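*Asks:* show me the folded form of this:
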Amino acid sequence: MDRPLAEGKLPTDLLERLLRHTSRSAGLSVGPEPGEDAAVAPGAGTLVITADPITFADERIGAYTVAVNANDIVAMGGTPVYLTTTILLAPGTTEEALERIFEDIESACRRVGILWVGGHTEVTRVVRRTVVCGQAVGFLSGPPLRTGGARPGDRFCMTKWVGLEGTTTIARRLPQESRAALGATAFDEVLGWLDAPGLSIVEEGRALEGFALSSGHDPTEGGIAMGIQEICRRSGTGALVRYERLPIREETRRLCGRFDLDPLGLLSSGVFLFTAEPDVADRACGALAARGIACAVIGEVLGAGEGIWLERDGAREALRASEQDEIVKI
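*Replies:* Take a look at the predicted model:
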């Protein structure tokens, strides 16, 4: 019987069952077990540590949790290895619903090769819907890839397409309106973007090992526009982005048109935004293409004080960006 969970910590027998979904590795001195408050991994190296909560998604919240945390490690030039989670559940959540979350996290971790090594789960009146807070740890084999490393003359590159995360999220949260705007076939395809190509950039990180990139970024809230602005602000540079080179899917254009949103300001997890010298950028795009990952050179880095521009049909306008994502409008 699928009974609601009682408020507070999980029963030990349920926790033992759920922990079967977490990662087991001979590389762990202490793994995820009931009563253990942390995982222990031997060895030493340069750590990359990040944390991100997922608060805007209910369905497939596990996939979002793994992607956004692993992506931050990759954008710093590291390899994500470990994930811990704090899962806060509203009263009334059922065991079956929680099991689906655990299965989703397990599946997403397996796809990107990260070990889910433990965390904490409880039912609390503090939340009205499920919140998952993830923390990922990875390792660097070289110098960190900073957001602020872009140099004038570098090329701006991006993988996949604009508004990837935001488009599939809108379709999931507003299915009737989205299906009407897209049609049944395109609507189903957009729902599938969460798994293919997915919101992870871990494969991009593997493909670009050894490339001398100057900066890297995982554009989330505020989309591609905010990601470019953040690179420029941290680097002390300007930018010229060519609109015609931006990969914007027709499905994204339709949904943004339906809800009066700017695609460039739409959630874009799953995209890796980076800069590199022109020849390095070309070779990097080729290496990504060889792995079946679309990549486009979308503009170039300008000098300090030269502005951040979007060129459309030969005319330049300031590239508008907002830390508040377009998706909050709906």
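*Asks:* can you give the contact residues for the one helix or strand Ser107 maps to?
*Replies:* Using DSSP states H and E, Ser107 maps to helix 95-112. Outside helix 95-112, the residues within contact range by CB atoms under 8 Å, 6 or more residues apart in numbering are 2-3, 5, 14, 18, 21-23, 60-63, 65-67, 70, 80, 83, 85, 87, 89, 115-116, 121, 130, 132, 198, 200, 202-203. No exception for glycine: its C-beta is placed from N, CA and C like everyone else's.
*Asks:* hmm, which of these are the buried ones?
*Replies:* Among the contacts of helix 95-112, those scoring as buried are 5, 18, 21-23, 60-63, 65-67, 70, 80, 83, 85, 87, 89, 115-116, 121, 130, 132, 198, 200, 202-203 (criterion: 16 or more other CB atoms under 10 Å).
*Asks:* ok now do the residue nearest to Glu177 when sequence neighbours are not counted, which residues does it touch?
*Replies:* With sequence-adjacent residues excluded and distances taken as CB to CB, 6 or more residues apart in numbering, Glu177 is closest to Arg258, at 6.6 Å. Contact analysis of Arg258 by CB under 8 Å, 6+ apart lists Glu177, Ser178, Ala180, Ala181.
*Asks:* may I have the predicted confidence score for Arg258?
*Replies:* If you check Arg258, the pLDDT there is 96.
*Asks:* over to it. Which of the three states is it?
*Replies:* helix (DSSP: H, G, I helix; E, B strand; the rest coil).
*Asks:* so how far is Glu326 from it?
*Replies:* Noted for Arg258: a distance of 13 Å to Glu326, by CB to CB, to the nearest Å.
*Asks:* equivalent analysis for Ile248, please.
*Replies:* 13 Å.
*Asks:* neighbour-wise, which of these two wins?
*Replies:* Between Ile248 and Glu326, counting by other CB atoms under 10 Å, Glu326 is the more crowded of the two (24 against 17).
*Asks:* on the three-state scheme, Gly138 is what?
*Replies:* strand.
*Asks:* who's in contact with it?
*Replies:* Per CB under 8 Å, 6+ apart, neighbours of Gly138: Leu47, Val48, Ile49, Ala70, Ile73, Val74, Met76, Gly78, Thr79, Pro80, Val81, Tyr82.
*Asks:* give the PyMOL command for selecting the buried subset of the residues you listed.
*Replies:* A single PyMOL command selects the buried members of the contacts of Gly138 (16+ other CB under 10 Å):
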select buried, resi 48+70+73+74+76+78+79+80+81+82
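*Asks:* pick the one among the contacts of Gly138 closest to Ile293.
*Replies:* Val74 (12.6 Å; CB to CB).
*Asks:* mind checking pLDDT for the residue nearest to Arg312 when sequence neighbours are not counted?
*Replies:* Distances taken as CB to CB, 6+ apart put Tyr243 closest to Arg312, at 4.0 Å, once the chain neighbours are dropped. In this model, Tyr243 is scored at 97, pLDDT.
*Asks:* and if you look at Phe156?
*Replies:* Residue-level pLDDT assigned to Phe156 equals 98.
*Asks:* and it, what does it touch?
*Replies:* Taking CB under 8 Å, 6+ apart, one finds Ile228, Ile231, Ala239, Val241, Leu273, Phe274, Thr275, Val297, Ile298, Gly299, Glu300, Val301 in contact with Phe156.
*Asks:* any idea which of those is least confident?
*Replies:* For the contacts of Phe156, the pLDDT minimum is Ile231, 93.
*Asks:* residue contacts, that residue?
*Replies:* Thr147, Gly148, Ala150, Phe156, Ser215, His217, Thr237, Ala239, Leu273, Thr275.
*Asks:* that one - that's part of a helix, no?
*Replies:* Yes - counting by three-state DSSP, Ile231 falls inside a helix.
*Asks:* which of the contacts of Gly138 fall in strands?
*Replies:* Members of the contacts of Gly138 lying in strands (criterion: DSSP state E): Leu47, Val48, Ile49, Thr79, Pro80, Val81, Tyr82.
*Asks:* bridged to the fourth one, which residues?
*Replies:* By that I understand Thr79. Phe139 (DSSP bridges).
*Asks:* what is the burial count for the nearest residue to Glu244 once chain neighbours are set aside?
*Replies:* Excluding its sequence neighbours, the residue lying closest to Glu244 (CB to CB, 6+ apart) is Arg312, at 7.5 Å. Applying other CB under 10 Å, we find 13 residues neighbouring Arg312.
*Asks:* over to Arg312: give its phi and psi.
*Replies:* Torsion angles at Arg312 (phi, psi; degrees, to the nearest 10) stand at phi -130, psi 120.
*Asks:* mind checking how far it is from Leu266?
*Replies:* From Arg312 to Leu266 the distance is 17 Å (CB to CB).
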